[in-house]
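Undergrad: the following block contains a protein sequence and its predicted model.
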Amino acid sequence: MALLRLCATFAVLLATTDAKVKVTPIEKVVSLLEDLKDDIKTEGENEAKAYDKFACFCKDNSKSKSDSIIESQDKIDQMTADIADKSATRDDKISDKKKEQQKVEDRTKELQDETEQFNKDEAAHQINHADLTKAVSSAKKAHEVLSSKKGAFLDIGTKSDVQNCLDLADALGLLEPSKQQAVTSFLQVDPDDPAYKFHSDKILKIIKGLQDDFQDQLNKANEEWEKRETGFKKTKETLEDKIQTAKDEIETLTGDISDLNKDIAKLKDDLIAENSSLKDDSTYLKDLTMRCEEKGRAWDQRTKIRNDEVEALTKALGILKDKAADADEVNKRALLLAKPPTAPVKAAVKAEAAPAKPAAKPAAKSPAKAAAKAAAESGERSSKSLEGQPDGGTSYWDDREVMAWVQATIKMARSSKGQEGYQSHIRTRWQAAQMHISSEMRDNLRHVIEEQCGVSLN
């Protein structure tokens, strides 16, 4: 509706234009609106290309970061599982190491006890071996003495050897009481007694028996000690092997635990780094998604506004072209009075924007002729007006300058809408421009600017 009102306003004002020109007022408006429509379409196409590039950027980077996040999460899960597995393995090995250390301690204590007991047994065996050796020697000597003194008087030394033999036999529990009594009685018999010979043979037999018993005990003791010594050596060797095996296992477990600690430490460092990377990627993706969604919403909004503007301009052009057909006869008569150039309509419009030499002094003419002369005088200002910047003078702009200012203002509004100071800037432009716009157009233009720019100019 705003564009329609703007078109109607230009149509009314341009109706008073000098009829000597070839281009009719409605054709001027149509040409300007078509240019505005083409500019809007071109701007939309350029912005669409830029947005397509940005959309591709969003798609590619979103996929890249999403893949990176998934990969990082997989790595984190794997490293977490590896840390748990290695920690469990390390704990098991620490427990095994403690068990092996306990084995070393137990086997060492067992070997120490075995060694102490063996040393005690060896000392006892040596004493027993000495006693038995002495007993055998004593019995042998007593037997020899008694045999050599058979039928003769027994001196004190001989009795002493026999008594030592009896004492050793008694100490070793090898002499029966009856035999001990017989030997003792024998030592007290007179050699002249006829019974001496009988008793002598009996005593020799007893002493010989004691010698054999002593020798048997000595041999048995030696055999038993040999077995004991062999058993101890085997036990000692077995315990030492077990101790060494446990120590070797402890050394292996210590190395494994050390390696696991290094692996776990490295995994934890890698896990921290991967978590940091995941956090950065997640933050970037979140910000990127927000930016892309905001751009997408802004793009949809601008596209809708642009489509609405094109649709409104299309309708306005249709209305104006319909009116142009009705006013065709009037325009033809106006063109017959003028000497039309051969240039096309748009070329004539551009020619009107070219600088012209200002008149020496304006004369009092009709409003239409005054507007035409003002347009010629403002030719040098056309380039500035087309950029939407009014000059510092107070003369009214011609229709092309007004349309150029409106077009530039709407374009600027679309590009800067939402920015800080946007509404204030539009109001400042309007305040500077309205002194160059005739009162007949001012109200309609104000409504157009307010609706197109979304700013209240009151």
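TA: That came in fine, so what should we check first? Numbers count the residues shown, from 1 in each chain.
Undergrad: low pLDDT regions in this structure?
TA: 1-26, 145-146, 148-201, 203, 323-394, 417-418, 440 (pLDDT under 70).
Undergrad: the helices in the stretch 1-150 of the chain, which residues?
TA: 2-14, 25-148 (DSSP state H, counting those that start in this stretch).
Undergrad: and among those helices, the most buried is which?
TA: Highest mean neighbour count of these: helix 2-14, a mean of 20 (counted as mean count of other C-beta atoms under 10 Å). Any C-beta I mention is one placed from the backbone N, CA and C, and that applies to glycine too.
Undergrad: how is the chain partitioned into domains?
TA: 2-24+327-355+364-453, 77-274 (automatic domain parsing).
Undergrad: endpoints of the last one, how far apart?
TA: In other words, domain 77-274. Taking C-alpha to C-alpha, to the nearest Å, domain 77-274 runs 11 Å from one end to the other.
Undergrad: around Gln419, how many other residues sit close by?
TA: 9 (other C-beta atoms under 10 Å).
Undergrad: tell me the SS of it?
TA: State at Gln419, reduced to three classes by DSSP: H, G, I helix; E, B strand; the rest coil: coil.
Undergrad: which helix is the longest one in the protein?
TA: Assignment by DSSP state H gives helix 195-326 as the longest helix of the chain.
Undergrad: what angle separates it from helix 25-148?
TA: 180 degrees (axes from the mean of the first three to the mean of the last three C-alpha atoms, to 10 degrees).
Undergrad: about what we covered before: could you redo the helices of the stretch 1-150 of the chain as JSON lines and give each row distance to Gly231?
TA: Listed next are those as JSON lines, based on distance: least, C-beta to C-beta, whole Å:
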{"stretch": "helix 2-14", "distance to Gly231": "120"}
{"stretch": "helix 25-148", "distance to Gly231": "9"}
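Undergrad: which stretch among the ones you listed comes nearest Asp443?
TA: Taking C-beta to C-beta, helix 2-14 is the member of these nearest to Asp443, at 8.8 Å.
Undergrad: tell me what the longest helix of the chain is packed against?
TA: With contacts defined as 3 or more C-beta pairs under 8 Å, 6 or more residues apart in numbering; DSSP states H and E, helix 195-326 has these neighbours: helix 2-14, helix 25-148, helix 156-171, helix 177-187, helix 399-416.
Undergrad: counting by contacts, list what the second one packs against.
TA: The one in question is helix 25-148. Under the contact criterion of 3+ C-beta pairs under 8 Å, 6+ apart, helix 25-148 touches helix 2-14, helix 156-171, helix 195-326, helix 345-352, helix 399-416.
Undergrad: hmm, try it at 10 Å
TA: helix 2-14, helix 156-171, helix 177-187, helix 195-326, helix 328-337, helix 345-352, helix 399-416 (3 or more C-beta pairs under 10 Å, 6 or more residues apart in numbering; DSSP states H and E).
Undergrad: could you give the angle of it to helix 399-416?
TA: Using the same axes, to 10 degrees: helix 25-148 against helix 399-416 is 10 degrees.
Undergrad: use 15 as the first number from now on
TA: Okay, residue one is now 15; in that scheme the one you just asked about reads as helix 39-162.
Undergrad: in a markdown table: the helices and strands packed on helix 209-340, plus distance to Glu325.
TA: Output for those, formatted as a markdown table (distance: least, C-beta to C-beta, whole Å):
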| stretch | distance to Glu325 |
| --- | --- |
| helix 16-28 | 10 |
| helix 39-162 | 10 |
| helix 170-185 | 139 |
| helix 191-201 | 147 |
| helix 413-430 | 15 |
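Undergrad: which of the ones you listed sits closest to Ala235?
TA: It's helix 39-162; of these, that one is closest to Ala235 (C-beta to C-beta) at 5.5 Å.
Undergrad: to Asp273, which of the helices and strands packed on helix 209-340 lies closest?
TA: Comparing the helices and strands packed on helix 209-340 under C-beta to C-beta, the one sitting nearest is helix 39-162, at 9.2 Å.
Undergrad: so what's the residue count around Lys234?
TA: Lys234: 11 neighbours (other C-beta under 10 Å).
Undergrad: residues contacting it?
TA: Counting by C-beta atoms under 10 Å, 6 or more residues apart in numbering, Lys234 touches Leu146.
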